[in-house]
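S.K.: give me coordinates for this.
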Amino acid sequence: MTSQQRWTLRTDHSSYTVRLSKDGPWAELEAWGPHGVEEGPSALDWSHRTHFITPADAAPAEYLPHGLRPFAGADLVAARPGSERGVWWTFEGAQQETHTLRLTFTDDVLGLRTTLCYATVPGTDVLHRWTELTCTGEEELRLERLDSAAVNVPVTTAARLTYLTGQWSQEFQRTQLDLARGTFTIGSSQGVAGHAYAPWLAVQDRQAPEQAPGPTYGVALEWPGNWHITAEAQPGGALRVRAGRVPHEGAVHLAPGETLTTPRLACAFSPDGLDGLTRVWHRYERHLSGNRLRRRRKVLYNSWEATGFDVDAANQLELAKAALDIGAELFVVDDGWFTGRADDTGGLGDWYPDPAAFPQGFDRFVDDIRALGLDFGLWVEPEAVSPTSRLYAEHPDWVYRIDHRPARLVRNQLLLDLGRADVQDFVIATLDRLLTDHAVSYLKWDMNRPPTERGRPGAGPAERLDLDAGHVAGYLRVLDHLRTTHPDVTVEGCAGGGGRIDHATLARTDVVWPSDNTAPLDRLRIQFGFLHAHAPHVMSSWVTDAPGVFDPRPRSLAFRFVTALCGVLGIGADLRAWEPEQRAEAARWITRYKEVRDVIHHGEAHLLGTPEDPTCGVQYDAPDGHRTVVAAFSTGRLDGAPLVPGRAARLRLRGLDPAARYHDAASGTTYAGAHLLHYGLPFAWSAGDDADLVVLTRH
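M.R.: Numbering: from 1, shown residues only. Next up, the predicted model:
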């Protein structure tokens with residue numbers, strides 16, 4: 001009877017069908033795709049010829065332990081201390097409701113109950129998967145691998161993997177790899193998602209056209225700690241993707257009666273290629289924002305690039321007045337506002353305004369900012385501490401350190417052990433004080449120092465402590481407290497740029513900072529990759545005067561503004577050095593942004609081309625279809641016009657009604673939808689005209 005058990009979960013437009021295998025005690029993926037895909041023979045069926053491997057190694061298994069799956073890569077490795085590794089479980093039962101499924105397997109000899117958990121996310125095409133591991137015996141268990149889930153994707157000759165790579169100041173670079181056979185792994189051991197890779201992967205068949213619709217699958221791990229995503233091209237012609245957290249200490253110990261819940265893996269499907277998968281993730285992140293999606297993302301001015309650590313009331317107020325004049329709605333004082341912070345060697349941990357910088361009092365300064373009509377925000381780095389701080393002198397045991405070993409400085413600072421309840425309480429009390437004592441409505445949470453020597457003085461071997469998970473739990477506890485206790489405060493997530501961006505963070509913050517690099521062409525590439533995985537309403541982006549780091553070609557102020565308004569617009573330049581003409585142009589762009597930000601933040605986005613093309617852009621369609629906003633960029637050489645014949649560059653739009661008419665009030669031009677879909681929207685680029693924002697109204 002059990003061999004006939006089969007379960008289907010449905011999202012808005014997709015189905016995910018799991019069955020109990022006929023060949024052993026495990027669950028297999030039968031079908032994943034559009035509604036109805038489960039009606040017919042499974043595309044993941046294998047021949048049942050398993051020379052030199054076991055049936056479990058060849059199966060499209062949802063989750064299998066070492067023991068049952070000895071060769072092809074296990075998702076779970078467990079043992080009792082002093083015993084051999086391996087789990088040999090039996091199927092215990094299933095529980096299914098409308099949006100959820102739980103499949104339970106038990107190994108009574110080892111003393112382990114494993115429950116595979118599934119839940120669809122209403123209003124999206126995302127399915128959550130995670131695993132619950134319970135020690136049912138009288139001895140503790142050692143878990144050496146504890147992945148969240150595995151997913152199987154049928155491909156023909158090879159899989160095309162799309163992932164996001166980089167380094168500090170060059171995050172979210174869209175990268176592709178064809179994987180015919182072998183293993184591919186990305187991840188982080190830095191205690192955060194990291195700058196090198198994002199915890200996100202898309203899978204297509206290599207034969208799928210690059211820019212055309214086609215079945216596309218995606219996964220994203222909800223975990224702001226150490227992680228991995230591993231893709232294995234199977235001999236039978238499928239791709240199996242495993243993902244999960246990676247304990248810093250190499251293993252986790254599970255006490256009798258204790259249950260460990262792995263991070264959720266979000267699984268997404270679109271029949272419309274990478275462009276369609278992008279919109280699936282955007283809808284999902286709008287769901288994560290909940291009611292906070294409706295709050296307006298205000299135009300921000302941040303003072304860091306203008307003053308650095310040289311913060312005082314006079315220069316900040318001067319900048320605030322200049323920001324107000326061009327249309328800013330929010331003023332954020334970055335690093336340097338607190339006692340002992342003349343440079344990056346001191347101050348962290350002692351979060352009190354510097355009386356020398358604010359001689360009439362900090363509250364008087366904040367009142368002066370707010371009297372202008374601006375909201376007020378502060379930068380903090382709650383997890384960091386300077387060795388010269390009073391906090392460190394009073395609590396040297398609060399930092400990560402290995403007993404009898406020196407503590408290494410990174411960026412002249414140490415990292416607090418946020419897994420400790422007393423450290424969490426200190427951070428919460430500090431933020432409560434700042435947000436209660438002062439009229440602060442915006443908090444930028446930065447994190448610039450990854451953990452190195454991960455030990456807890458006096459607590460015994462780190463191998464017994466699961467410090468990575470403890471830090472994550474503490475971080476999320478503080479963010480949850482901010483959400484609950486200070487619901488009107490907008491929270492920005494940052495980690496030296498885009499070092500900690502994942503769905504757990506995005507569910508608890510309002511915006512995130514993708515990169516410290518704000519140079520125009522560099523930033524365009526960063527945002528192009530970012531928007532594949534994340535929604536415009538969470539993407540904070542500034543206009544600055546920063547020169548190019550990786551692509552130094554100059555671009556206009558218009559280019560910088562059009563790039564920044566593709567998400568949540570901010571200004572970071574020293575406005576005191578701008579000419580009146582520049583300020584006037586900035587004011588015009590900010591006015592235009594305010595007119596269309598609801599479409600950008602709530603609409604459906606299409607990525608048009610790539611920054612490697614001479615012309616690329618982003619199209620945003622309002623939820624009601626009445627307005628379409630196109631941000632367009634010139635990234636290549638000009639065509640030589642008017643000295644030689646040349647045609648306008650064009651961007652083919654997507655998703656419009658071919659029978660409708662679309663009017664551009666700025667140019668007075670009306671287009672048929674068919675024209676915009678077939679020929680595209682024209683742009684006449686020149687050296688001084690290298691970006692544009694077009695608003696089309698449907699008639």
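S.K.: output whichever helix in the chain runs longest as PDB, nothing but the C-alphas.
M.R.: Longest helix in the chain by number of residues (criterion: DSSP state H): helix 580-602. Output of helix 580-602 as PDB, limited to C-alpha atoms (Å, rounded to 0.1, in the frame of the first residue of the first chain):
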ATOM      1  CA  PRO A 580      23.400  74.900  -8.600                       C
ATOM      2  CA  GLU A 581      22.700  73.200 -12.000                       C
ATOM      3  CA  GLN A 582      23.400  69.800 -10.500                       C
ATOM      4  CA  ARG A 583      21.100  70.400  -7.600                       C
ATOM      5  CA  ALA A 584      18.400  71.600  -9.900                       C
ATOM      6  CA  GLU A 585      18.800  68.500 -12.000                       C
ATOM      7  CA  ALA A 586      18.700  66.300  -8.900                       C
ATOM      8  CA  ALA A 587      15.500  67.900  -7.700                       C
ATOM      9  CA  ARG A 588      13.900  67.200 -11.100                       C
ATOM     10  CA  TRP A 589      14.900  63.500 -10.900                       C
ATOM     11  CA  ILE A 590      13.700  63.100  -7.300                       C
ATOM     12  CA  THR A 591      10.300  64.600  -8.300                       C
ATOM     13  CA  ARG A 592      10.000  62.200 -11.200                       C
ATOM     14  CA  TYR A 593      11.000  59.300  -8.900                       C
ATOM     15  CA  LYS A 594       8.300  60.200  -6.400                       C
ATOM     16  CA  GLU A 595       5.700  60.100  -9.200                       C
ATOM     17  CA  VAL A 596       6.500  56.500 -10.200                       C
ATOM     18  CA  ARG A 597       8.000  54.800  -7.000                       C
ATOM     19  CA  ASP A 598       4.700  53.000  -6.300                       C
ATOM     20  CA  VAL A 599       5.000  51.300  -9.700                       C
ATOM     21  CA  ILE A 600       8.700  50.500  -9.200                       C
ATOM     22  CA  HIS A 601       8.100  49.100  -5.700                       C
ATOM     23  CA  HIS A 602       4.800  47.300  -6.200                       C
END
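S.K.: listing partners with orientation, what would you give for the helix or strand just after it?
M.R.: Going down the chain from helix 580-602, the next helix or strand is strand 604-608, by DSSP states H and E. Next to strand 604-608 in the sheet, as set by DSSP bridges, lie strand 615-621 (antiparallel).
S.K.: just the CA trace of the strand it pairs with, in PDB.
M.R.: The C-alpha trace of strand 615-621 is given here as PDB (Å, rounded to 0.1, in the frame of the first residue of the first chain):
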ATOM      1  CA  THR A 615      21.500  49.200 -24.300                       C
ATOM      2  CA  CYS A 616      19.700  47.600 -21.400                       C
ATOM      3  CA  GLY A 617      17.000  48.400 -19.000                       C
ATOM      4  CA  VAL A 618      14.400  47.500 -16.400                       C
ATOM      5  CA  GLN A 619      10.600  47.600 -17.100                       C
ATOM      6  CA  TYR A 620       8.100  48.000 -14.300                       C
ATOM      7  CA  ASP A 621       4.400  47.400 -14.900                       C
END
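S.K.: that strand: how far from the chain's middle?
M.R.: 21 Å (CA atoms, centre = their mean, to the nearest Å).
S.K.: quick one: mean pLDDT over it.
M.R.: On average, the pLDDT along strand 615-621 is 98.
S.K.: stretch 389-408 too?
M.R.: The pLDDT scores in stretch 389-408 average 94.
S.K.: repeat that for stretch 17-36.
M.R.: On average, stretch 17-36 scores 96.
S.K.: swap in stretch 646-656?
M.R.: What stretch 646-656 shows for mean pLDDT is 94.
S.K.: buried set for that stretch?
M.R.: By neighbour count on 16 or more other CB atoms under 10 Å, the buried set for stretch 646-656 is Ala649, Leu651, Leu653, Arg654, Gly655, Leu656. For glycine as for every other residue, the C-beta is placed from the backbone atoms N, C-alpha and C.
S.K.: which of the residues you listed sits closest to Ser303?
M.R.: For the buried residues of stretch 646-656, the minimum distance to Ser303 (CB to CB) is 35.9 Å, reached by Leu651.
S.K.: and that closest one, how far is that from Gln173?
M.R.: Taking CB to CB, to the nearest Å as the measure, Leu651 falls 22 Å from Gln173.
S.K.: over to Asp425?
M.R.: Taking CB to CB, one finds Asp425 at 39 Å from Gln173.
S.K.: repeat for His532
M.R.: Distance check for His532 against Gln173: by CB to CB, it reads 11 Å.
S.K.: repeat that for Tyr671.
M.R.: Distance from Tyr671 to Gln173, by CB to CB: 34 Å.
S.K.: neighbour-wise, which of the two wins?
M.R.: A count of neighbours by other CB atoms under 10 Å puts Tyr671 above the other of Tyr671 and Gln173, at 20 against 17.
S.K.: list the contacts for that one?
M.R.: If a contact means CB atoms under 8 Å, 6 or more residues apart in numbering, then Tyr671 has Arg661, Tyr662, His663, Asp664, Leu681, Leu696 as its contacts.
S.K.: compile those residues into JSON lines and extend it with columns for pLDDT.
M.R.: Putting the contacts of Tyr671 into JSON lines (pLDDT from 0 to 100) gives the following:
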{"residue": "Arg661", "pLDDT": "98"}
{"residue": "Tyr662", "pLDDT": "98"}
{"residue": "His663", "pLDDT": "98"}
{"residue": "Asp664", "pLDDT": "98"}
{"residue": "Leu681", "pLDDT": "98"}
{"residue": "Leu696", "pLDDT": "98"}
